[in-house]
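Novice: Sequence and computational prediction follow.
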Amino acid sequence: MRPRVIALTTSALASFCSHCSGPPQHGALKRCTRCRAIWYCDAECQNKDWAYHKTECEALQRWATMAPSPELSVPSDAIRCLGRVLWDRQKKGPESEFVKEWNMLQSNKVALQTSALEAYTHLAHSVVRYVGATSPAELMPFGISSAGQLVDLISKFTTNTFTLTSPSLDPIGVCVAPTFALLNHSCDPNAVLVFPRCAEVKTQEPRMNLIAIRPIGVDEEIFISYVDTTLPGESRRSALQETYNFQCECAMCREPVHPDPRQSIWCPKACGGTCPVPSSEVDLVRCARCRAIVSSVDSVLDVVRIGQEALDKANTLQFRDPEKSIKLTSNMLPILISSGLTPSCHPLLALTRLHQELLMASFTPDLTQDILDKTIQASTNYSTGVSSILTYGHPVRAAALAELGKLLAVDEITPQDPSATDRYPPSGPKRLRLAYETLVRAREELLIGFGKVNQGGSIGKEVREAIVRLEKELGVWTQGIRNALHDQRLAGPSK
Ligand SMILES: C[S@@+](CC[C@H](N)C(=O)[O-])C[C@H]1O[C@@H](n2cnc3c(N)ncnc32)[C@H](O)[C@@H]1O
């Protein structure tokens, strides 16, 4: 189903359509000539959005004239989304299905911590200003008659909104979908919410799909995850507490797996087993397989701390100074790897992902073989790490494998000796075959994570096309070898 309300993140406004949330289809997106803040793929999407944008357009123009600087001339996605919610309430009235559904959403207003209350109050002031009111008392037309009701609206919004993602799972905005807001959280979910982007009618997009990633029994509760489940338990729990105001007591938080792949290091005796990352409370740790003791406790603790600092800094610099960010990830990754962190261990996994993203963003028409191969190495490590944590068919795991397959399928710029066995990624036909096998595996997982009925969504479609292309290339190559062998046989034994 299409969410009731969507709003793109400010940085995504010029790259995705504000109605169907798709990328530009034929040429560039077209900008609303009045507010100059909202973009559409074509007149069809613009017309469909007009019912909302008509009022929003004026509000955006008013906001821009009051903005203290050009960077702040467009309000945040939360303010714009709440604006659309209020205008919808006003237009549809208190007896409408939308308002009834909204009223039933869970609010955590009574249990709010002071920091959350302050943030909500700040957001409330901005929303009041955005819709052209001067105080909460002027919100009567929207069905809000007191400041308390406004805070309640914002609490419901924060507790029940979803991240709008692109088909390749990049966050591009927020959305409101009251039916899906009934789903509770688990750190080991049996279902996921995705936007596979495969509707036949473009203007029905973005369509939100609830997909089972495991068999779910009759009467069994459906759980999704509200947070990134590749993060360690402590980070997940504090994110849940901060945004959703609850202490997670899901099965995984009650009885964590041991050792947790999110916090594990390789056995110091290299038996192939893993040990938990030591902590300041538990400093005697052993390999789960051979029971060898980890003696380098302090250095592991140090490296995890330094890795986290580097991750935070590289994340901050990602868009402002990508070169500096890439330098940080390039320097830090070998340190974390040589200290024995497994590919799924935090912060190595997150740094690997960021490194891969930064390398991909640096691709230019004069891409070098070295950068391409380094990106494939990072993508391989990320896919390996994610696969140790997430269940088979999880869309994040499927998308990581698809990305690796696509990178392996990129034409080599300066092919290396194809017979070298110690080289990764391999070169020549071996690389082509590895790309093919990776994409076939990715397709199987995409069909689960983005739904078989959706053919794995738009990444599934891309992967299918890449598989067909590689089948042809591999076929040509196999035929070439067959012909060469045939010619050799005809020529008789060499002298
Ligand atoms: C999007 S709502 C989920 C549906 C909600 N439980 C209802 O009945 O409408 C999110 C809120 O549900 C509660 N919740 C969701 N998952 C939970 C969990 N695993 N443990 C405790 N509370 C949870 C929290 O209060 C959270 O802020």
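Specialist: Received the coordinates, thanks. Note that this is a predicted model, so its numbers are computed, not measured. Numbering: from 1, shown residues only.

Novice: Just the buried residues of stretch 367-374, please?
Specialist: Neighbour-count burial for stretch 367-374, with 16 or more other Cβ atoms under 10 Å as criterion, is recorded at 371-374. All C-beta atoms are positioned from the backbone trio N, CA, C, and that covers glycine.

Novice: show me the contacts for residue 140.
Specialist: Counting by Cβ atoms under 8 Å, 6 or more residues apart in numbering, residue 140 makes contact with nothing.

Novice: Make 329 the first number, not 1, from now on.
Specialist: With 329 as the first residue, the last one maps to residue 468.

Novice: and it, helix, strand or coil?
Specialist: Under DSSP: H, G, I helix; E, B strand; the rest coil, residue 468 falls in the helix class.

Novice: could the buried residues of stretch 695-702 go into CSV alongside distance to residue 499 and secondary structure?
Specialist: Below are these laid out as CSV (distance: Cβ to Cβ, whole Å; DSSP: H, G, I helix; E, B strand; the rest coil):
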residue, distance to residue 499, secondary structure
699, 26, helix
700, 26, helix
701, 29, helix
702, 25, helix
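
Novice: got JSON lines for these, with pLDDT and distance to the ligand too?
Specialist: Shown next, in JSON lines, are the buried residues of stretch 695-702 (pLDDT from 0 to 100; distance: Cβ to the nearest ligand atom, whole Å):
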{"residue": "699", "pLDDT": "96", "distance to the ligand": "42"}
{"residue": "700", "pLDDT": "97", "distance to the ligand": "42"}
{"residue": "701", "pLDDT": "96", "distance to the ligand": "43"}
{"residue": "702", "pLDDT": "97", "distance to the ligand": "40"}
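
Novice: Work out for me the element the residue in the stretch 329-478 of the chain that the ligand sits nearest to sits within.
Specialist: Per Cβ to the nearest ligand atom, residue 434 is where the stretch 329-478 of the chain lies closest to the ligand, at 3.8 Å. Secondary-structure assignment from DSSP states H and E places residue 434 in no helical or strand segment.

Novice: Not counting residues beside it along the chain, what's closest to it?
Specialist: Sequence neighbours aside, residue 487 is the residue nearest to residue 434 in space, at 5.8 Å (criterion: Cβ to Cβ, 6 or more residues apart in numbering).

Novice: what about the one you found, neighbour count?
Specialist: Using other Cβ atoms under 10 Å, residue 487 is surrounded by 18 other residues.

Novice: so when I look at it, I'm seeing a helix, right?
Specialist: Yes - under three-state DSSP, residue 487 sits within a helix.

Novice: what residues are up against it?
Specialist: 433-436, 509, 571-573.

Novice: With residue 476 instead?
Specialist: Contacts for residue 476 (Cβ under 8 Å, 6+ apart) come out as residue 437.

Novice: Identify each buried residue in the one helix or strand it maps to, please.
Specialist: Here residue 476, judged by DSSP H and E, is contained in helix 475-488. Residues of helix 475-488 classed as buried: 478-488 (neighbour count, 16+ other Cβ under 10 Å).

Novice: next one: stretch 728-744
Specialist: Quick answer for stretch 728-744 (16+ other Cβ under 10 Å): 728-737, 740.

Novice: ok, now stretch 537-551?
Specialist: Judged by neighbour count (16+ other Cβ under 10 Å), stretch 537-551 contains these buried residues: 537-539, 541, 551.

Novice: Within range of the ligand, give me the residues from the stretch 379-528 of the chain.
Specialist: 434, 436, 487-488, 509-510, 512-514 (Cβ under 6 Å from any ligand atom).

Novice: from these, which two are the most distant?
Specialist: Farthest apart among these by Cβ to Cβ are 436 and 514. That separation is 18.4 Å.

Novice: neighbour-wise, which of the two wins?
Specialist: residue 514 (21 against 18).

Novice: now the strands for this protein?
Specialist: All strands of the chain, identified by DSSP state E, fall at 333-336, 358-359, 367-368, 489-493, 499-504, 512-513, 519-522, 537-540, 551-552, 592-594, 602-604.

Novice: Those strands into CSV, with extra columns for mean pLDDT?
Specialist: As requested, these are arranged in CSV below (pLDDT from 0 to 100):
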stretch, mean pLDDT
strand 333-336, 96
strand 358-359, 94
strand 367-368, 96
strand 489-493, 96
strand 499-504, 97
strand 512-513, 96
strand 519-522, 97
strand 537-540, 97
strand 551-552, 97
strand 592-594, 96
strand 602-604, 94
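
Novice: Quick one: closest of those strands to residue 387.
Specialist: Taking Cβ to Cβ, strand 333-336 is the member of the strands of the chain nearest to residue 387, at 12.3 Å.

Novice: That closest one packs against which elements?
Specialist: helix 405-420, strand 499-504 (3 or more Cβ pairs under 8 Å, 6 or more residues apart in numbering; DSSP states H and E).
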